[in-house]
Structure formats: structure tokens, C-alpha cells
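> Please find the sequence and the predicted model below.
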Amino acid sequence: MPDWQVELRVRQLAVRRGELQRQYDFTVASGELLVLMGPSGSGKSSLLECLGGFLPADQGSIWLSEQRLDSLTPEQRPVSSLFQQYNLFEHVDVATNLRLGFTRGSPTPLQWQKVEAACEQLGVAGLEQRLPAELSGGQRQRIALIRTVLREQPILLLDEPFSALDEHSRYLAGDWIGECLKQTGQLALLVTHQPLDAERWADQTLKI
Ligand SMILES: Nc1ncnc2c1ncn2[C@@H]1O[C@H](COP(=O)(O)OP(=O)(O)OP(=O)(O)O)[C@@H](O)[C@H]1O
């Protein structure tokens, strides 16, 4: 995995969804986790969709170091996203889902070692041959999280990645994300409804 030293800068970014319009200004450095909190419908997912390129901004700019991102298509953006649903390919097994996460189509042996280590660490080892439909909600969520984080992209957008996890798994998953960020220099925006998640893992918290 490359060691990124980058900075995400969001400047006067106006995101509209129906009647709701909000403006955002923040900076996230390499290795940092920004936790987004706020009541249901406040616009957290919309902000992530805008950063991912799925929802156009009314105005403002998004920068990754010197590269301007807001005019790029979703495929061109250096972003890996975990949304609240539809994160796995249903017709192929877990191993294939994990392999497809890598931009070149298949992981190197070292990359695959990291996948296996992450599956062990998050308590989802041994599920490689199953189809997503044969997993529990929490198992699906952890597999999708591993796939999202280990894709080699500097920006991670994680929309409620722990919503189906029990307290123990949540703790393991949050610690694992923090370790990955520190090791690789990736940065993450993470949506949660649990104040404890912010207390444990956030470098910054944005309430919207
Ligand atoms: N596809 C859409 N078209 C129109 N309005 C939408 C769409 N998706 C969401 N909205 C509305 O936009 C507002 C912001 O929604 P958003 O999903 O960003 O909120 P959120 O903070 O992520 O909510 P939650 O915590 O419930 O996931 C809400 O009022 C919602 O009803």
C-alpha cells in the first residue's frame, strides 16, 4: 500500500438535497478520521455522496492536496466508499468480492495477506467460499468494510460502517480502521449515530 501524505480540503461546498442545503468547510489530513454526526435527515449521507461524485455540488471546491476533485467523475476520484447498502456483488463468493476491491482486478500476494489478516482481526475468517446471501448482516458489513479500506485509495467514505455490529465487533473494527489510517496515510470520513465512536476514534468531529 502506498504511504500517502495528502490533505483533503473542502471549501464552501454547498450540498443540496431537495429543500435542504448545507455548506461545508473542513480539512482532513493524512491518517486522520473525521466523524460526522447529526440527526437522521441532516445531510450526512448527502455530503459523502457529494464527495464521492454521485451528487453534484451547487458551489465550492474539493481538493486532495493540489488536485481538484469536484469536476471528476466518481470513477476518476481517489475515493473508496462504503454506503449503507449494496456494497457486495451478490452473485459471487466472498473471496471474489474481496479480490474485486483491488483496482488492478486482483491483489498481489502481499495485498491478499492483508485481506486475510484483516478477516482474522475482525472475526470473519473462513467465510471466503460463501455467497453474500449466506452471511449475517454483521458479517456482510465487516467484509464490505475490509474491501473498502484495503482498496488503495487515499480517501475513505464510510457511511455507518458499524450499524450491524455488536459492541465487541464494533470495537475491533474501529481499532482496525484507525490502525490502517495510521499505517497508510489514508484519511476517512465516518458517519455514526454513536457518540462513543467519536470519543474513541475521531481526530475531528463534525456535527451537522
Ligand atoms: N435521493 C433523494 N432525493 C431527494 N431527497 C433525498 C434523497 N435522499 C435523501 N433525501 C433527503 O435529503 C435529506 C438528507 O438526507 P441524508 O440521507 O443525507 O441524511 P442523513 O443525515 O444521512 O440521514 P440518516 O442519518 O437517516 O442516514 C433528507 O431530508 C432526505 O429525506
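Yep, it's here.
> Need phi/psi at the nearest residue to residue 65 once chain neighbours are set aside.
Computed as CB to CB, 6 or more residues apart in numbering, the closest residue to residue 65 that is not its neighbour in sequence is residue 6, at 4.8 Å. The way it works is simple: take the backbone N, C-alpha and C, and place the C-beta from them, glycine included. When read as degrees, to the nearest 10, the backbone of residue 6 gives phi -130, psi 170.
> residues in contact with residue 6?
By CB atoms under 8 Å, 6 or more residues apart in numbering, the contact list for residue 6 reads 30, 64, 65, 154, 185, 187.
> who wins for most neighbours among the residues you listed?
Among the contacts of residue 6, residue 187 has the most neighbours (other CB atoms under 10 Å), with 23 neighbours.
> which stretches of this protein form strands?
Along the chain, the segments classed as strands by DSSP state E run 7-17, 20-29, 33-37, 59-64, 67-68, 79-82, 155-159, 187-191, 204-207.
> tell me the most buried of those?
Of all these, strand 187-191 carries the top mean neighbour count, a mean of 25, counting by mean count of other CB atoms under 10 Å.
> Pull the residues that contact that strand.
Here strand 187-191 has contacts from 6, 8, 28-37, 44-45, 47-48, 51, 154-161, 177, 181, 197, 201-202, using CB under 8 Å, 6+ apart.
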